[in-house]
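Trainee: Predicted model follows, preceded by the sequence.
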Amino acid sequence: MNNIDKELLQAVADLHQIPTGAYNIRKNGKSIRNNTEEIEIIPKKEVAGIDIIIKPNVKNKSVHIPVIITQGGFNDLVYNDFYIGENAEVTIIAGCGIHNDTSENSQHDGVHSFHLGENCKVNYIEKHIGLGKGRGEKIINPTTQIEMKKNSSFTIETLQLGGVASSKRKTFAKLFDGSKLVIKEKILTTNEQTATTEFEVKLLGEKSSVEVISRGVAKGDSMQYFYSNIIGENECFGHVECDGILVGNAKIISVPQITCNNVEASLVHEAAIGKIAGEQIVKLMTLGFSENQAEELIIKGFLK
């Protein structure tokens, strides 16, 4: 790995070197990987992508599947399927980093499909970042498809660290009896960048639940769009919370929607968008911070 590779992998996957255990590291369309007895990674034959098979009853294991792009003008599309066996407990670290010093756009689109068995527990971490001084854009568009069987649990943490010119995230989920989905999203946009997220979650099973928490900071002339639709088809619970901070001429548009098709469904949505309060900045400035430093500290704490 060269220094650019290391910088990207550290940013999106907290990797300082090739990890132990199961991994698939994809760079500019080519992959290196390692399997273990508990986790098998199989390349797809007809399209670019992999199948990640986690055996039943596996406990306290992790798998790394980051993507990095270091070429200008490179477009990447992958299809990854995750099969998590019954009673398994696993952490999946994904993410994409693009370094582009050219005038040509570089783009990564990933379609991830999760098939969760009964009683399994999955933590999924996905970070995105764009680096490089070229005029070429860094574009990342992830699509996530989820099907959760009885009493399964899935926590998704996504973080867009900055430098991504355009991103469109789409998430579709179906939850069955007793399953629980938690989505925590954090997005930073600057300059003229745009970020769009769309969630559609169908609560099909009895006592299924979803919680979506989205936090965005939009600076400069950037734009963020948030769309969600939580559909309750049974006795279930859904909560959507969208909070945003505006700096400069930026805009955030939030459109939360809830659809109740059962009298036992309990669905709630909240949205709050505003600028940084002047008194917050003044308070930090009295402690010796400059105005810009105070602003950055507030933003960092908001996205923490």
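Mentor: Structure's in. What do you need?

Trainee: Find the residue at the geometric middle of this protein.
Mentor: T158 (2.7 Å; CA atoms, centre = their mean).

Trainee: Could you pull out the helices in the stretch 51-200 of the chain for me?
Mentor: Counting by DSSP state H, counting those that start in this stretch, the stretch 51-200 of the chain has no helices at all.

Trainee: ok, the residue nearest to the centre of the chain touching K186?
Mentor: Yes. Using CB atoms under 8 Å, T158 is in contact with K186, at 7.1 Å. The C-beta positions use only the backbone N, C-alpha and C, and glycine is treated the same way.

Trainee: How about the contacts made by the residue nearest to the centre of the chain?
Mentor: Residues in contact with T158 (CB atoms under 8 Å, 6 or more residues apart in numbering) are 125-128, 142, 169, 183-186.

Trainee: for the lowest-mean-pLDDT helix or strand in the chain, the distance to its chain's centre please.
Mentor: Here the helix or strand of the chain ranked lowest by mean pLDDT, DSSP states H and E is helix 278-285, holding a mean of 79. In terms of CA atoms, centre = their mean, to the nearest Å, the centre of helix 278-285 is set 31 Å apart from its chain centre.

Trainee: Same check on stretch 88-101?
Mentor: 9 Å.

Trainee: again with stretch 115-132
Mentor: The answer for stretch 115-132 is 7 Å, by CA atoms, centre = their mean.

Trainee: next one: stretch 225-232
Mentor: Averaging C-alpha positions (CA atoms, centre = their mean) puts stretch 225-232 16 Å from its chain's average.

Trainee: Equivalent analysis for stretch 122-133, please.
Mentor: With CA atoms, centre = their mean as the basis, stretch 122-133 stands 7 Å off its chain's centre.

Trainee: hmm, back to that, give me the helices and strands touching whichever helix or strand comes after the least confident helix or strand of the chain, please.
Mentor: Where DSSP states H and E defines the elements, the next helix or strand beyond helix 278-285 is helix 291-303. Here helix 291-303 touches strand 180-189, strand 208-218, strand 236-246, helix 278-285, going by 3 or more CB pairs under 8 Å, 6 or more residues apart in numbering; DSSP states H and E.

Trainee: Tell me the buried residues in helix 291-303?
Mentor: Using 16 or more other CB atoms under 10 Å as the test for burial, helix 291-303 gives 294-295, 298-299, 302-303.
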